[in-house]
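In: fold the following.
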Amino acid sequence: MPSSGALTQARARLGGGVMKMLFERIASPTGTESSVGSWWRGLRLVAIDGTVFDLPDTEANSAHFGRPGSGRGEMQGAFPQARVVALVECGTHAIIDAEIGACSTGETTLARS
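Out: You can find the predicted model right below:
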């Protein structure tokens, strides 16, 4: 069995494009009409929610995603951050779609994508 470090290194070698393509191919609703909380009057129940993730402190991440503002020190956060907005099936919590952007991009803007 490969170690978690080996999986991380393999994912880095593949690059983000492959991981995005894989996500787009497999991310889909999984709830059936008998799944509790997945349907209401024949309509699939979904929610949009966002969060922010701290990223490794690299120049590439800082340049691409940015750092949040801060009222201390250099006036910016300690780590670069990515904002993620996801479309989630309510009953199963399956992520159906997601958009990742700079920490300065608002959730509403990402949700439109």
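
In: where does the protein have low pLDDT?
Out: The model of the chain has pLDDT under 70 over residues 71, 73.

In: could you pull out the helices for the chain?
Out: Assigned by DSSP state H, the helices in the chain fall at 4-14, 16-26, 59-65, 107-112.

In: list the residues that contact the residue nearest to the spatial centre of the chain.
Out: The centroid of the chain falls nearest to residue 84 when counting by CA atoms, centre = their mean (4.1 Å). For residue 84, the contact set (CB atoms under 8 Å, 6 or more residues apart in numbering) comprises 50, 51, 52, 53, 98, 99, 100, 110. To be clear about C-beta, it is placed using only N, CA and C from the backbone, and glycine gets the same treatment.

In: which of the residues you listed are buried?
Out: Neighbour counting with 16 or more other CB atoms under 10 Å marks 50, 98, 99, 100, 110 as buried within the contacts of residue 84.

In: and which of those residues is nearest residue 34?
Out: Relative to residue 34, the closest of the buried ones among the contacts of residue 84 is residue 98; by CB to CB it sits at 26.3 Å.

In: with adjacent residues omitted, what lies nearest to the closest one?
Out: Once flanking residues are discounted, residue 98 sits nearest to residue 86: 4.3 Å by CB to CB, 6 or more residues apart in numbering.

In: wait, isn't that neighbour in contact with residue 97?
Out: Yes: look at residue 86 against residue 97 with CB atoms under 8 Å: they come within range, at 7.0 Å.

In: ok, the two, which is more surrounded?
Out: The residue with more neighbours, out of residue 86 and residue 97, is residue 86; 19 against 15, by other CB atoms under 10 Å.
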